[in-house]
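how would this look folded up:
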Amino acid sequence: MTRSVVLVAGSPAENSRSSRVLEALGRSLQSRGFEPERYAVGDFALDELVYGRAEGESVQRFLRSIANARAVVFSTPVYKATYAGALKLIIDLIAPTGLEHKALLAITTARLEPHLALVDESFQRLYAFFQGSIGLRSLGLNDAQLRVDGASGIELDASARVAFDEALARLLGAVQ
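Numbering: from 1, shown residues only. All right, here's what the predicted structure looks like:
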């Protein structure tokens, strides 16, 4: 069985905090023998996203990756207690049965702590829509727990590190 995990960075900003946490998770998965495959908003033609054109080359490549993956990890900044619209456009490309038997995890970052629980509820409803998927509780981190480190790194405080490790364990448990 494949050891592929699709990482989907849903932030419109290339080097957002949520994208950096996603990269850190990808490195952790890779060190455990998984093959992370990363997609970001900029990997898709704008008209394919906006108009939901699944026949486009970038979308077809993405959907093949999803079909072959054991897990999908979404990352997003939280805006007004919900995930980024850019991520929604990417998710809308996936058929209702397209995540069947796949573990699903969201990484969310927000300035305000109360938004994190609300966005997790949104992800849980989304996972329920995708028939047969294995929806995991989100890894929600507030900006105070994170410090940008260098060009693409992120440093997690002690509580964020615990939450990160717990989310990684949930994901590994779901795909083993």
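
Give me the below-cutoff pLDDT ranges for this structure.
Residues of the chain that meet the criterion pLDDT under 70 lie in 1, 152.

contacting residues around the residue most central in space within it?
The centre of the chain sits closest to residue 74, judged by CA atoms, centre = their mean, with a distance of 1.1 Å. For residue 74, the contacting residues are 8, 10, 83, 87, 91, 104-107, 123, taking CB atoms under 8 Å, 6 or more residues apart in numbering as the criterion. C-beta coordinates here come from the backbone N, C-alpha and C atoms, glycine included.

now do residue 124
Applying CB under 8 Å, 6+ apart, the residues near residue 124 are 135, 137.

Could you check which helix or strand contains it?
With elements delineated by DSSP states H and E, residue 124 resides in helix 113-129, which encompasses its position.

Pull out the buried positions in stretch 69-89.
Across stretch 69-89, burial judged by 16 or more other CB atoms under 10 Å covers 69-78, 82-84, 86-87, 89.

Tell me which of the residues you listed fall in strands.
Cross-referencing the buried residues of stretch 69-89 with the strands (criterion: DSSP state E) gives 71-78, 82-83 as the overlap.

Check those residues and tell me the two furthest apart.
Among those, the pair separated by the greatest distance (CB to CB) is 71 and 82, at 22.7 Å.
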